[in-house]
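K.L.:
Got a predicted model here, sequence first, then my questions.
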Amino acid sequence: MPKTRSVIEKPRPAAVPPRSLWLLGPALVAGVAYLDPGNVASNMTAGAQYGYLLVWIVVAGNVMAWLIQYLSAKLGVVTGQSLPEVLGSRLRNRWARRAYWLQAELVAMATDLAEVIGGAVALNLLFDVPLLLGGLITGAVSMILLAVQSRRGARPFEFVIVGLMVIITVGFVAGVFIAPPDPAGVAGGLVPRFDDTGSVLLAASILGATIMPHAIYAHSALSRDRFGSRGRQAADAESETARTEAGRIRRLLTATRWDVTIAMIIAGSVNLGILLLAAANLAGVAGTDSLEGAHAALAAGLGPVVATFFAVGLLASGLASTSVGAYAGAEIMQGLLQVRIPLLARRIITLLPALAILGFGVDPTLALVLSQVVLSFGIPFALIPLVALTAQKRTLGAWANRGFTTAAGVVASVLLIALNAALLWLVLTGA
């Protein structure tokens, strides 16, 4: 990509120069995964049922997400490979590789389930389109977006997804300014605690929607596709070329930190806004445990304009996130199985489970929340290898994590795994 190199090979001033804005994008695309309909369902349900109780989960999840997404992007920038590609080359046993692929594939399917259902619900709310037809329309539009990525490359795809992100942000945050939350309630929600099994279930659901395994896989691939690093071996060599490449990687990582920071600020603000909107306006209102009920309650309490904004944001969320999810799923298959199938063909295959759920009349909101729980159980399988690989000098050379960064990644991994274990124990024992 000569144009990109012409920008990043210039000497870096103390602050990120305006032209470096052109380097932003991969994190914003990956960040759409943090704004998918599963997030909406989880945060809306949490706010309506428990008020401000789980504010701390949203904040903590977003802080951990910054570190995780940066590590994923760094792996792609430095090695020129995605996380699935690196794992595919390290897992020598084909059965171990297939087993790992299977769990990652199930997580990707759960992701797609949430996104297609969310788009279908939004079309039903806006235009009274039947859910099954809405799922088909959502799938068709996502194919068009994927065709943009396949034929036009990474940059046009990023522009489309970022445009949808703007719509998502306006749609979900508008109501917070019209009916602001209680500051004391928000402050109280920053204290870590749970009430019962249901609050733990929703906490795991929020984390599954916030720190999404497919976003970890996708971000490394998006960075690889955009920047096409020549690999850390070139940067480690003793030569003028190596020094040039090392400078290039350093500038890319600086831009990546800005990219991830902007993306996580947007995603975290929107997720928190959804929970606060529900906590301030939907707490105790009957039927708000579903997207349809929340939409109706918003219309009754704040007016049809806010409700319409919410539905439009939900539609943009479904369309954008399902495209990114399909991209991640294709990367998982290619990296772990060394099998490449056309992206659009894969889109059709992964669309079927969501359409089946819509066709059989399963409650959409329940399916959304449970899909996020499935995602939360897939987190360790993506997060632990990511932290381990980025800590290895044989993988990243001079760009390997510092001790503090690795320690923070380990702490995040332990906390997420512990929460999932507690969730499983509470659900199985009925505590």
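P.N.:
Perfect, thanks for sending it. This is a predicted model, so every value here is computed, not measured.
K.L.:
After the helix or strand of the chain with the lowest mean pLDDT, which helix or strand is next? Please name it.
P.N.:
When each helix and strand of the chain is scored by mean pLDDT, DSSP states H and E, helix 2-8 comes last, with a mean of 37. Next helix or strand after helix 2-8 toward the C-terminus (DSSP states H and E): helix 26-31.
K.L.:
Buried residues of that next one, list them for me.
P.N.:
26, 27, 28, 29, 30, 31 (16 or more other CB atoms under 10 Å). For the C-beta atoms, the positions are set from N, CA and C on the backbone; glycine is no exception.
K.L.:
what's the closest of those to residue 163?
P.N.:
residue 28 (10.4 Å; CB to CB).
K.L.:
Tabulate the buried residues of helix 26-31 (CSV), appending pLDDT.
P.N.:
Listed next are the buried residues of helix 26-31 as CSV, based on pLDDT from 0 to 100:
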residue, pLDDT
26, 88
27, 90
28, 87
29, 89
30, 90
31, 88
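K.L.:
could the residues you listed be laid out in TSV, adding distance to residue 203?
P.N.:
Formatted as TSV, the buried residues of helix 26-31 follow (distance: CB to CB, whole Å):
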residue	distance to residue 203
26	29
27	25
28	26
29	27
30	23
31	21
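K.L.:
Show me which pair in these is furthest apart.
P.N.:
26 and 31 (9.3 Å).
K.L.:
where does the stretch 151-300 of the chain have low pLDDT?
P.N.:
Within the stretch 151-300 of the chain, the segments meeting pLDDT under 70 span 208-209, 228-243.
K.L.:
mind listing the helices for it?
P.N.:
154-178, 183-188, 197-210, 213-227, 232-236, 240-281, 291-302 (DSSP state H, counting those that start in this stretch).
K.L.:
okay, those, which one's buried deepest?
P.N.:
helix 213-227 (a mean of 28; mean count of other CB atoms under 10 Å).
K.L.:
and it with helix 154-178, angle?
P.N.:
Note on geometry: by axes from the mean of the first three to the mean of the last three CA atoms, to 10 degrees, helix 213-227 and helix 154-178 are set 130 degrees apart in direction.
K.L.:
in terms of contact count, name the helices or strands touching helix 213-227.
P.N.:
Under the contact criterion of 3 or more CB pairs under 8 Å, 6 or more residues apart in numbering; DSSP states H and E, helix 213-227 touches helix 26-31, helix 55-79, helix 83-90, helix 94-127, helix 154-178, helix 304-337, helix 364-390.
K.L.:
which of the ones you listed is buried the deepest?
P.N.:
helix 26-31 (a mean of 28).
K.L.:
which other residues reach that one?
P.N.:
With contact meaning CB atoms under 8 Å, 6 or more residues apart in numbering, helix 26-31 is reached by 69, 72-73, 76, 154, 157-158, 161-162, 165, 215, 218-219, 222-223, 226, 256, 259-260, 262-264, 266-267, 324.
K.L.:
Next: stretch 402-412.
P.N.:
Contacts of stretch 402-412 (CB under 8 Å, 6+ apart): 64, 67, 68, 71, 383, 386, 387, 390, 391, 401.
K.L.:
Include pLDDT when you put those residues into CSV, please.
P.N.:
Listed next are the contacts of stretch 402-412 as CSV, based on pLDDT from 0 to 100:
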residue, pLDDT
64, 92
67, 95
68, 93
71, 96
383, 91
386, 96
387, 96
390, 96
391, 96
401, 96
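K.L.:
Throw those residues into JSON lines and include distance to residue 143, thanks.
P.N.:
JSON lines is the format used below for the contacts of stretch 402-412 (distance: CB to CB, whole Å):
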{"residue": "64", "distance to residue 143": "33"}
{"residue": "67", "distance to residue 143": "33"}
{"residue": "68", "distance to residue 143": "29"}
{"residue": "71", "distance to residue 143": "31"}
{"residue": "383", "distance to residue 143": "30"}
{"residue": "386", "distance to residue 143": "29"}
{"residue": "387", "distance to residue 143": "35"}
{"residue": "390", "distance to residue 143": "34"}
{"residue": "391", "distance to residue 143": "39"}
{"residue": "401", "distance to residue 143": "38"}
